[in-house]
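Student: A predicted structure for the sequence below; I have some questions about it.
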Amino acid sequence: MNERIPEPLRDAVWALPNLIKLLARLLADPAVPLRRKLLAAAAGGYAVAPVDLIPDFIPVVGQVDDLIVVALGLKHLMDGAPPEVVRRHWDGSDDVLELVTNVIDWGAGLAPRALHGALKRLSPNDDAADRTS
């Protein structure tokens with residue numbers, strides 16, 4: 001049965017534990033700006049909250065909004081970390097990290113441009129003063 005599942009999809013599913021570890025490690029890393037951590041945590045909170053802007057009973061769109069918000073939060077968090085920090089915290093191969101990053105970028109790309117702009121305005125300068133210890 002595993003032969004029927006496309007290899008990139010299988011790799012993405014197997015990468016989930018590494019993605020969760022990466023997320024936890026980035027949230028704890030002082031090299032990642034606090035604002036980005038807070039926004040990523042808010043995105044995760046939105047995904048698990050029982051109340052949504054778009055109710056889940058609306059077919060497709062109701063579930064997709066959670067995925068888009070989570071992808072956008074992950075992208076914003078990862079973009080705020082230096083690439084070497086992301087790589088240091090990733091337990092998998094570079095190929096799988098690239099695949100995961102591409103999937104996150106794709107999901108975040110589905111978000112309205114206004115939401116991207118709002119995130120940029122919320123994290124305008126990610127300088128040393130904005131980093132946690």
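Tutor: Arrived safely.
Student: show me how far the longest helix along the chain is from its chain's centre.
Tutor: Taking DSSP state H as the criterion, the chain has its longest helix at helix 61-80. Centroid separation between helix 61-80 and its chain, computed with CA atoms, centre = their mean, to the nearest Å, is 5 Å.
Student: check stretch 33-52 too.
Tutor: 10 Å.
Student: check stretch 7-25 too.
Tutor: 11 Å.
Student: could you list every residue that touches Leu22?
Tutor: Each residue near Leu22 by CB atoms under 8 Å, 6 or more residues apart in numbering is listed here: Val86, His89, Trp90, Asp91. All C-beta atoms are positioned from the backbone trio N, CA, C, and that covers glycine.
Student: of these, keep whichever come out buried.
Tutor: Among the contacts of Leu22, the ones that count as buried by 16 or more other CB atoms under 10 Å are Val86, His89, Trp90.
Student: what about those residues, which are in strands?
Tutor: Here DSSP state E is the test, and those give no hits in strands at all.
Student: okay, those in a markdown table with pLDDT and distance to Glu7 next?
Tutor: Shown next, in a markdown table, are the buried ones among the contacts of Leu22 (pLDDT from 0 to 100; distance: CB to CB, whole Å):
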| residue | pLDDT | distance to Glu7 |
| --- | --- | --- |
| Val86 | 96 | 23 |
| His89 | 97 | 24 |
| Trp90 | 96 | 19 |
